[in-house]
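> quick one, fold the following:
(chains A and B)
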There are 2 protein chains.
Amino acid sequence: MTPLSRTQAFHTALADGREIVYFDRAPGVDRGAQDERDLPTARTTAQVRWNPLFGDYVGIASHRQDRTYKPPADLCPLCPSRDGKQTEVPADDYEVVVFENRFPSFSLNSADVVPRVDESPFRSAPGAGRCEVVCFTSDHDRPFSQLSVEHARTVVDAWGDRTTALSVFDSIDYVFCFENRGEEIGVTLGHPHGQIYGYPFVPPRFSTFGEALEHHREHHDRCLQCELLEAECADGSRIVVASDHWVAYVPFAARWPYEVRLAPRRHVPDLPALTDDERDDLAATYLTVLKAFDGLFDTPTPYISGWQQAPVRQYRDAWHLAAEVFTIRRAPGKLKYLAGSESGAGVWVNDVQPEAAAARLRGDA
Amino acid sequence: MTPLSRTQAFHTALADGREIVYFDRAPGVDRGAQDERDLPTARTTAQVRWNPLFGDYVGIASHRQDRTYKPPADLCPLCPSRDGKQTEVPADDYEVVVFENRFPSFSLNSADVVPRVDESPFRSAPGAGRCEVVCFTSDHDRPFSQLSVEHARTVVDAWGDRTTALSVFDSIDYVFCFENRGEEIGVTLGHPHGQIYGYPFVPPRFSTFGEALEHHREHHDRCLQCELLEAECADGSRIVVASDHWVAYVPFAARWPYEVRLAPRRHVPDLPALTDDERDDLAATYLTVLKAFDGLFDTPTPYISGWQQAPVRQYRDAWHLAAEVFTIRRAPGKLKYLAGSESGAGVWVNDVQPEAAAARLRGDA
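Numbers count the residues shown, from 1 in each chain, chains lettered A, B, ... in the order given. Here you go, the predicted structure:
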């Protein structure tokens, strides 16, 4: 585990053996509550299959078809266990808690039950990764954007700690911390939560990014993301917020109607590498970005937020950490769909001028 | 134009100068009806911007925000002009008609009005491509799957003809014929129609495919898609339909709950290269595939269908034509959303086993 300078981590297990980790600002909180449920042992048959035509892996997880789907709020599995109701979290309250997903897309124990196939042109392997759920708060109705800066900092510490923890497994090549928020994004549980995927390969978007960073460094002897941060700050038209340690801007070639890239000014590979000051500043700046998204429309903005960290074993020196936050809502009641051009050809067409998006996110327009 | 062996093409112009082309089986149909509307000249400011971090172009088309959005059926702009109502199609009936999109993502005339920017790291260019609408039938309520084989063959000829026509423009590098069907996919017009995008660059999915084909040919001296067709036919478990000239199968590493790859047995680069027999067979086989999709659920299946043709100037010898048809519906009332893993990391997780999907599409299960 990463040494945590201000957050306590308490590790225990759920009734079916899944790991659960509580993260608390306050020292010495008792997190020893036992999971009293009679759960069958978690069984998953996650598989990754290789597509030689497009050079990518696809996760096949047919056990997920029956996962929990939009339960009523009083049956929320992510709330604390209270009043005799037993949820995924045995404690009767928590600040931030992380546990293994009961319906994972990838699972380390797949390695024991899913065979490896290599009969050219068909190649598949166990989906030996890990999927975790991060509950941002015990308050079912408080979105991330409404957390205090101190509470958000605990989430940052949890992300960093889990990144270090998952990087230890041999079969995990990439740790992706992300949040899907809103039914329009397909979220099936309303409780404010995110996810952490430990992928058993480097996702294609991130190998593309890593290649671009290494190529640029080789030819220009500096980091392309550092260069972009400077250029964006000098231009100014796409800056959403700039703090001591962080810059949030709408990319010049944004794919989504409203999209923000949030990067540290310092060249660091991942969340664990951030200093205390950078983490505090991140908590505040990230909240500013999320509030900007929630200020765009009359109803809560659906969004996806994901951390682009260095892969566990590749591109680490060249990598520059960043988060990407974007919404698929292009106007009130209108969504940006990924149709033929995006899903079929991989070409995004954005109907919102990035400079206009930045102005709206800043509150100028 | 490609010589059409059995379909007549009639070229004319709409009131604002946009090109319109009628395709008819019957020879000598009078398609001279004039567009009487008082339309302002089409003005578009399509731009493509380069994202150096991910090595791709994004189309920026802010003029599209106000495009026609789910009009009532009696105001459908894709129906023929009848009873005093003037639509995008001046004729009072048609078999298949193609015209330039009034709200295009890319437009050749952008070259005259959108400047080219090259101030590193910011690079952009006019979106000098072309976007066309293909009306599959004048019957507002007849989906593609319900067309006759002969009528579907006229669509095939129209696709082939427009591919040849758009390939002539210097700034167009790729011709993509596709259909988005269903509100769940974001379709804003209910009339059965598809689109043709002439992109001013090769879309990233297709350069990946082209590289894979060339790499395989170099190292194994044969076509990877030819090899996959043989392997799929030998295995059989993922075959949906196999005809004299075409094979439709669910890919071993399918990304979508129900996904079909439809490829000719013969190694050809694009639709214009197909023989008469291959086109007739394609019309019949493609209808079988669409009917299989529409048989999956009690309500019409939303789907995306797109043709992977050789780029205009690259990978032509190595390329093997294919169509990809897929739905985002994973179960009745449940959609596959592109959330954090797909949109953020580029990793698809599929909840439906490809072999089970093929069995359902064949009607076995």
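> nearest residue to the residue of the stretch 101-250 of chain A found nearest chain B in space, please, no chain neighbours.
Relative to chain B, the nearest point of the stretch 101-250 of chain A is residue A:186 (2.6 Å; CB to the nearest CB). No exception for glycine: its C-beta is placed from N, CA and C like everyone else's. Excluding the flanking residues, the one nearest residue A:186 by CB to CB, 6 or more residues apart in numbering or on different chains is residue B:337, at 2.6 Å.
> got the contact list for that neighbour?
Under the criterion of CB atoms under 8 Å, 6 or more residues apart in numbering or on different chains, the neighbours of residue B:337 are A:180, A:185-186, B:328.
> if we can go back for a sec, right, and the residue of the stretch 101-250 of chain A closest to chain B touches residue A:180 too?
Yes - if you go by CB atoms under 8 Å, residue A:186 and residue A:180 touch, sitting 6.7 Å apart.
> what about the two, which has more around it?
For residue A:186 and residue A:180, the more surrounded residue by other CB atoms under 10 Å in any protein chain shown is residue A:180, and the numbers stand at 24 against 18.
> which SS class is the more buried one?
strand (DSSP: H, G, I helix; E, B strand; the rest coil).
> so in terms of bridging, what pairs with it?
Beta bridges link residue A:180 to residue A:304 when assigned by DSSP bridges.
> go ahead and confirm it touches residue B:342.
No - applying CB under 8 Å, one finds residue A:180 not in contact with residue B:342, separated by 10.3 Å.
> below-threshold pLDDT in chain A: ranges please.
Per-residue confidence for chain A (pLDDT under 70) gives these ranges: A:1-4, A:64-70.
> ranges for the helices of it?
Along chain A, counting by DSSP state H, helices occupy A:110-113, A:149-167, A:204-220, A:224-235, A:276-294, A:354-362.
> spit out the contact partners of residue A:28.
Shown in contact with residue A:28 (CB under 8 Å, 6+ apart): residue A:8.
> next, give phi and psi for it.
phi 70, psi 20 (degrees, to the nearest 10).
> from chain B, how far off is it?
34 Å (CB to the nearest CB, to the nearest Å).
> also residue A:305?
Separation of residue A:305 from chain B (CB to the nearest CB): 8 Å.
> tell me, how many neighbours does that residue end up with?
With other CB under 10 Å as criterion, residue A:305 counts 24.
> contacting residues for the residue nearest to the spatial centre of chain A?
Nearest to the geometric centre of chain A sits residue A:178, at 1.1 Å (CA atoms, centre = their mean). Neighbouring residues of residue A:178 by CB under 8 Å, 6+ apart: A:194-197, A:304-307, B:340-341, B:344-345.
> do residue A:259 as well
If a contact means CB under 8 Å, 6+ apart, then residue A:259 has A:250-251, A:324-327, A:354, A:357 as its contacts.
> distance of it from residue A:363?
Distance from residue A:259 to residue A:363, counting by CB to CB, to the nearest Å: 17 Å.
> swap in residue A:100?
Between residue A:100 and residue A:363 the distance is 40 Å, computed by CB to CB.
> more crowded one of those two?
residue A:100 (22 against 11).
> so that one bridges to which residues?
Bridge pairing for residue A:100 - DSSP bridges - gives residue A:132.
> distance check, it against chain B.
Residue A:100 is 16 Å from chain B, by CB to the nearest CB.
> is chain B contacted by stretch A:190-204?
Yes - applying CB under 8 Å from any CB of the partner chain, one finds stretch A:190-204 touching chain B at A:195, A:197, A:199, A:203-204.
> for that stretch, measure first residue to last.
End-to-end span of stretch A:190-204 (CA to CA, to the nearest Å): 29 Å.
> equivalent analysis for stretch A:122-137, please.
44 Å.
> distance from that stretch to the middle of the chain?
12 Å (CA atoms, centre = their mean, to the nearest Å).
> and what of stretch A:202-215?
Taking CA atoms, centre = their mean, the mean C-alpha location of stretch A:202-215 is offset from the chain mean by 18 Å.
> and stretch A:79-86, by the same measure?
Stretch A:79-86 has its C-alpha centroid displaced from the chain centroid by 26 Å (CA atoms, centre = their mean).
> contacting residues around residue A:7?
A:23-25, A:153-154, A:157-158, A:161.
> count the residues that sit near the residue lying closest to it once chain neighbours are set aside.
Sequence neighbours aside, residue A:157 is the residue nearest to residue A:7 in space, at 4.0 Å (criterion: CB to CB, 6+ apart). Neighbourhood size, residue A:157 [other CB under 10 Å]: 26.
> what's the answer for residue A:300, then?
16.
> again, but for residue A:136
By the measure other CB under 10 Å, the count of residues near residue A:136 is 23.
> how much space between the residue nearest to it when sequence neighbours are not counted and residue A:143?
Closest residue in space to residue A:136, ignoring its immediate chain neighbours: residue A:192 at 4.6 Å, by CB to CB, 6+ apart. Computed as CB to CB, the residue A:192 to residue A:143 distance reads 5 Å.
> pull up the overlap in contacts between the two.
residue A:181.
> surely residue A:136 meets residue A:195?
No - at 11.2 Å, residue A:136 and residue A:195 do not qualify as touching, with contact defined as CB under 8 Å.
> how near is residue A:205 to residue A:17?
From residue A:205 across to residue A:17, the span is 32 Å (CB to CB).
> show me which of these two is the more surrounded one.
When residue A:205 and residue A:17 are compared on other CB under 10 Å, the one with more neighbours turns out to be residue A:205, at 21 against 11.
> next, count neighbours for residue A:74.
Residue A:74: 9 surrounding residues under other CB under 10 Å.
> what's across from the nearest residue to it once chain neighbours are set aside in the sheet?
Sequence neighbours aside, residue A:85 is the residue nearest to residue A:74 in space, at 7.8 Å (criterion: CB to CB, 6+ apart). Listed by DSSP bridges, the beta-bridge partners for residue A:85 are residue A:82.
> how near is residue A:85 to residue A:141?
In this view, residue A:85 and residue A:141 are 17 Å apart by CB to CB.
> and for residue A:136 and residue A:195, which residues touch both?
In terms of CB under 8 Å, 6+ apart, residue A:136 and residue A:195 are both contacted by the residues residue A:179.
> and the stretch 101-250 of chain A, which residues reach chain B?
Contacts of the stretch 101-250 of chain A with chain B, taken as CB under 8 Å from any CB, map to A:105, A:121-122, A:124, A:174, A:176, A:178-180, A:185-187, A:195, A:197, A:199, A:203-206, A:208-209, A:211-213, A:216, A:224-225, A:227-228, A:231, A:235.
> buried ones among the residues you listed?
Burial by neighbour count, 16 or more other CB atoms under 10 Å in any protein chain shown: within these this picks out A:105, A:121-122, A:124, A:174, A:176, A:178-180, A:185-187, A:195, A:197, A:199, A:203-206, A:208-209, A:212-213, A:216, A:224-225, A:227-228, A:231.
> hang on, the earlier thing: mind putting the helices of chain A into JSON lines with distance to residue B:51?
Listed next are these as JSON lines, based on distance: least, CB to CB, whole Å:
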{"stretch": "helix A:110-113", "distance to residue B:51": "34"}
{"stretch": "helix A:149-167", "distance to residue B:51": "25"}
{"stretch": "helix A:204-220", "distance to residue B:51": "9"}
{"stretch": "helix A:224-235", "distance to residue B:51": "10"}
{"stretch": "helix A:276-294", "distance to residue B:51": "20"}
{"stretch": "helix A:354-362", "distance to residue B:51": "11"}
